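A.B. asks: Requesting a structural model of the entry that follows:
(2 chains)
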Amino acid sequence: MSIQKPGYKSLYLYLSLSMAPLFLAFTPLQPAYAEEIKNGKQVYEIGCAGCHASGVLDAPKFGNNADWLKREQQGFETLVKHALNGFNNMPAKGGNPAYKNEEIIATVAYMLSEAGFPNYADRTGVKAVTTASTPKPAEKPATVAPKSKPATATKSYKNTNQFNRLMAPSSEWNPPQSKDGIHDPENDGTEMLQKPRVAFEPLANSTSGNRVDWVKALHNGEINPRYDRVNPDAMPVVMDLNIVREVKGSMPNVVYPHKQHTEWLDCSNCHPAIFIPQKGANQISMASILLGQKCGVCHGKVAFPVSECRKCHSQAKTAKK
Amino acid sequence: MSIKILALSVLLPIIMFFSTLSQAEYGDVVINNYSEEAGMRPVIFPHWFHRIRFRCKVCHADLGFEFKAGGNDINMLKIIDGEYCGACHNGEIAWSVESCNLCHSAKPGTETQVHESTISKLLTNQKPAAASTTGGTKK
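C.D. replies: Numbering: from 1, shown residues only, chains lettered A, B, ... in the order given. Take a look at the predicted model:
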């Protein structure tokens, strides 16, 4: 899949093709998108198979009766508790807090029933898919006290139409490393690392990325990053030159400020490898940026992401009104 | 009509992206080129921590780090010899290589990636495609 030479048709085709898998691609991250409550099989395939299909990290292997037997003997409630709150290498809710408790319960039942314990088959939530109501194992979760989300199965059902249900609340931004999903909480170094929230507390806020406006933080003197590895007094060579790029469609034109970029970067970081320093020589599209090229080499990875449209598309078009 | 579709195509991922449940810090880079083969946890490089202390230029121009997760052939020998991370992590500017677990801190099995990057969000479960087109997810 590579971007061929434009022509609207091919661009159009390209975008439709490339965007289609996005829907699929996003589902695993955001099961909350789905209207209905997922059944155990669906959750397993999206959220659990990664480890449980192969049995890595001591995960009980899917369908392997021997692996599941000793777990089953601990009781269904214990298994559900471990699945909801995490246990050893098993992250809470398989690492995805968006799953509802009842979905996790159904998934545990599904995995048990597939591992030779057919008596759990009626709790796998298969029937609940279309109606999203009457969660069968409702009597079970009452005994479980999940740490992460205090909502019981019935409560989360009530919250289906809660405000901003797809957005992480600010209390979940910038979690400590041990809870961020990629650091290993078992690692003794993890706890020694500076916590992001501590570091960001005095810095200017933003709505995306780290929730820090790095340019503003630098401008306000809230941070004073070195420009040289050893010399704390070295100052950047700042070039104050705006490049205006007229864009197609209804979006405002892009104003590219050299100033903010040269405060952080050296000319050689961008020129000539990423941008040919010549007017009109650079084809830039949102598609290529989204794919990590051009501006997307940094924006969308470490500099503010493309959701901040107006930070770049900042100059109103005057020609047509 | 095509403009509408174009706009939609662009807006769509943006909407999704806002709603994604973020966990680790934006810009956290996981490097697992050699770590796990060598029996160590993968490395997590926190961009946020470093950009508070250094401008991009120091590492990306002076020290020669490419803008690509996993795209730098870093190994412990080079670090000990003062290349890459070792330019600062030498016990003088920053703590030295004996603090293994401060860098080698990722969950076992974590792949090389720029965490929270747009591209990784867009192409989750598209690993083969991602590897060939993005430059963001080299393994």
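
A.B. asks: I'd like to know if stretch A:226-237 reaches chain B anywhere along the stretch.
C.D. replies: Yes: for stretch A:226-237 and chain B, the contact criterion (Cβ under 8 Å from any Cβ of the partner chain) is met by A:226-230, A:236. For glycine as for every other residue, the C-beta is placed from the backbone atoms N, C-alpha and C.

A.B. asks: need the residues you listed in a markdown table with secondary structure, can you?
C.D. replies: Below are the residues of stretch A:226-237 next to chain B laid out as a markdown table (DSSP: H, G, I helix; E, B strand; the rest coil):
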| residue | secondary structure |
| --- | --- |
| A:R226 | strand |
| A:Y227 | coil |
| A:D228 | coil |
| A:R229 | coil |
| A:V230 | coil |
| A:P236 | coil |
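
A.B. asks: which other helices and strands contact the helix or strand that contains A:A66?
C.D. replies: Using DSSP states H and E, A:A66 sits within helix A:65-73. Helices and strands touching helix A:65-73, by 3 or more Cβ pairs under 8 Å, 6 or more residues apart in numbering or on different chains; DSSP states H and E, are helix A:101-114.

A.B. asks: Report all helices and strands that the helix it packs on contacts.
C.D. replies: If you count contacts as 3+ Cβ pairs under 8 Å, 6+ apart, helix A:101-114 packs onto helix A:40-43, helix A:65-73, helix A:76-85, helix A:153-158.

A.B. asks: Please name the residues that touch the residue most central in space within chain B.
C.D. replies: Centroid-nearest residue in chain B: B:V29, 2.1 Å away (criterion: Cα atoms, centre = their mean). The contact partners of B:V29, taken as Cβ atoms under 8 Å, 6 or more residues apart in numbering or on different chains, are B:44-45, B:47, B:69, B:113-115.

A.B. asks: try 10 Å this time
C.D. replies: Residues in contact with B:V29, defined by Cβ atoms under 10 Å, 6 or more residues apart in numbering or on different chains, are A:301-302, B:43-47, B:65, B:68-70, B:72, B:112-115, B:117, B:136.

A.B. asks: Can you list phi and psi of it for me?
C.D. replies: Per-residue torsions, B:V29: phi -110, psi 130 (degrees, to the nearest 10).

A.B. asks: so what pLDDT did it get?
C.D. replies: pLDDT recorded at B:V29 is 96.

A.B. asks: So for stretch B:57-69, first residue to last residue, what's the gap.
C.D. replies: Terminal residues of stretch B:57-69 lie 17 Å apart, using Cα to Cα, to the nearest Å.

A.B. asks: Can you give the domain ranges for chain A?
C.D. replies: Residue ranges for the domains of chain A, per automatic domain parsing: A:34-167, A:242-315.

A.B. asks: Format those as a markdown table; extra columns: distance to B:A94.
C.D. replies: Shown next, in a markdown table, are the domains of chain A (distance: least, Cβ to Cβ, whole Å):
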| stretch | distance to B:A94 |
| --- | --- |
| domain A:34-167 | 30 |
| domain A:242-315 | 19 |
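
A.B. asks: could these go into a markdown table alongside mean pLDDT and mean neighbour count?
C.D. replies: Putting the domains of chain A into a markdown table (pLDDT from 0 to 100; neighbours: other Cβ atoms under 10 Å in any protein chain shown) gives the following:
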| stretch | mean pLDDT | mean neighbour count |
| --- | --- | --- |
| domain A:34-167 | 74 | 18 |
| domain A:242-315 | 95 | 17 |
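
A.B. asks: so which of the ones you listed gets nearest A:M192?
C.D. replies: Among the domains of chain A, domain A:34-167 comes nearest to A:M192, with 21.2 Å by Cβ to Cβ.

A.B. asks: Model confidence for A:P232, exactly?
C.D. replies: On the pLDDT scale, A:P232 is placed at 95.

A.B. asks: Next, it: phi, psi?
C.D. replies: Dihedral pair for A:P232: phi -70, psi -10, per degrees, to the nearest 10.

A.B. asks: element containing residue 98?
C.D. replies: Let's take chain A. A:A98 is part of no helix or strand, with elements assigned from DSSP H and E.

A.B. asks: not quite, I wanted chain B
C.D. replies: Counting by DSSP H and E, B:E98 is part of no helix or strand.
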